[in-house]
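> let's see this in three dimensions:
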Amino acid sequence: MRTYHAVASIALGVLPLLASSAPDSQPANAKGGQVQVPNRPAAPLFEGAQGKQRTEIHYDASSGMVTVKMLVQDPNGYFIPNIRRENFAVYENGVRQHNATVEIEHAPVTMGVLLEYGGRYQALNRAVGEEVGKAARGFLDEIGRNDRVAIWRYGDTLEELAGFTQGHDTLDSSLVALATPPFSELNFYDALIAALSRMQGAMGRKALLVVSSGIDTFSKASYQDVLRAVRQSDVPIYVINLGPALQEHLSLLPASGPYAQLDWKRAGAELQEIATASGGRVYSPASAFELAGIYDDLMENLRVRYVITYKSSAPGDLSAARTVRIELVNPATGGPLEIVDANGKPVHSKVFVEDTYIPRAASEGETKSASARVRRQ
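Residues are numbered from 1 along each chain as shown. Purely as a prediction, here's the structure:
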């Protein structure tokens, strides 16, 4: 069974069930007619818009089994747990598939980590070394035994500190060498394109974590070259934006210093566009104390998927496109599943993703990006 991401189509009306972790609470309707969003922060931890995220479709030609791995989120981008199997209605070519099973997958990840490590201004470089070190060490605290990680740093050029095949002890020791970065150009565009290229051969659920201010001083590549590489890649990019923290450091220095010419606003906007184009997220922590929560949010977004598996009832032509539609319903009435927030306020779902898959392509390793999200109306 291989992964399909190329010509896939899923329509998702998404509604959650009451979280089992909520204290002293029971499902609002034991028959699955109403679900309640867990109590979550009132705003997302990431900034700006998030692009479309991956839904994976696998097809096994020998058994006719279709597996859909999809992301289900609330309006603030938090994963919605505990949706019941009977709440998922799966249709293929308009025909209800009654043999569907539903599970939740917590997948290991393959992560590339790209660290800013250079610059033209020594005072700023000291702050870069401090902020990058805290962010990188905080991330390593979040990875699991089955996760694979490579670490690169960049100034003039991209330098590998640890590869995917190396153990976690090597990852920790690779960060010991991080001190004050040397005087150099800061070729962010070139480094990001090179890191994406190295990620292409990585297997499994993968992403690139970029710890950077987004400042570029002398890359051969242009910003448009970066966007082109990001859109052609299948690697979501999650950004820890160092810009706000570095500007806080600089606020203690004379405003007329040479670093006053740095265009922080442009760099931040470019980081946001890069993350959105890739299906990732941008985080701008005000302090190191926020990193643990940010990395929890990032890893949940990357790791956790609903997995729906069913035996296709469609005819045997493997070259013909098949439409898959997945809705969340009240099993007692067949109507839409009712959802309320933690305060009992209705949250209305909206179908907003619809694609098709071709069985032969879906069994040959192609892929398609999509996501499902509950929206307030």
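> so what's the gap between the lengthiest helix in the chain and the chain middle?
Longest helix in the chain, counting residues (DSSP state H): helix 122-140. With CA atoms, centre = their mean, to the nearest Å as the basis, helix 122-140 stands 23 Å off its chain's centre.
> show me the strands in the stretch 201-350 of the chain, by range?
With strands called from DSSP state E, counting those that start in this stretch, the stretch 201-350 of the chain shows them at 205-212, 237-241, 282-283, 304-311, 322-328, 338-340.
> just the CA trace of the fourth one, in CSV.
Extracted as CSV, the C-alpha positions of strand 304-311 are listed here (Å, rounded to 0.1, in the frame of the first residue of the first chain):
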residue,chain,number,x,y,z
VAL,A,304,-2.0,13.3,14.5
ARG,A,305,-4.5,12.2,11.8
TYR,A,306,-7.8,10.5,11.6
VAL,A,307,-7.4,7.3,9.6
ILE,A,308,-10.5,6.0,7.7
THR,A,309,-10.3,2.7,6.0
TYR,A,310,-12.9,1.1,3.7
LYS,A,311,-13.2,-1.5,0.9
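> what's in contact with that strand?
Contact partners of strand 304-311, identified using CB atoms under 8 Å, 6 or more residues apart in numbering, comprise 56, 63-72, 79, 83, 88, 90, 92, 97, 99-107, 326. All C-beta spots, glycine's among them, are computed from the backbone N, C-alpha and C.
> gap between Arg198 and Tyr295?
Arg198 sits 22 Å away from Tyr295, going by CB to CB, to the nearest Å.
> between the two, point out the one with more neighbours.
Tyr295 (23 against 18; other CB atoms under 10 Å).
> quick one: pLDDT of that one?
On the pLDDT scale, Tyr295 is placed at 97.
> who does Asp357 form a beta bridge with?
No, residue 357 isn't Asp; it's Tyr. Tyr357 has the following beta-bridge partners by DSSP bridges: Arg322.
> ok, it touching Arg322?
Yes - the pair Tyr357 and Arg322 qualifies as a contact (CB atoms under 8 Å) at a distance of 5.8 Å.
> just to revisit the earlier point, so which bits of the longest helix of the chain are buried?
Judged by neighbour count (16 or more other CB atoms under 10 Å), helix 122-140 contains these buried residues: 124-125, 127-136, 138-140.
> quickly list the domain ranges of this structure.
Residue ranges for the domains of the chain, per automatic domain parsing: 2-97+312-373, 109-299.
> turn the ones you listed into TSV, including distance to Arg305.
Listed next are the domains of the chain as TSV, based on distance: least, CB to CB, whole Å:
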stretch	distance to Arg305
domain 2-97+312-373	4
domain 109-299	8
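> tell me the mean pLDDT over stretch 259-277?
Mean predicted lDDT for stretch 259-277 stands at 93.
> okay, angle between the longest helix of the chain and strand 205-212 too, please.
Angle between the axes of helix 122-140 and strand 205-212 is 150 degrees (criterion: axes from the mean of the first three to the mean of the last three CA atoms, to 10 degrees).
> where in this structure is the helix or strand with the lowest mean pLDDT?
strand 10-13 (a mean of 38; mean pLDDT, DSSP states H and E).
> burial count for Val304?
So Val304, with other CB under 10 Å, has 16 neighbours.
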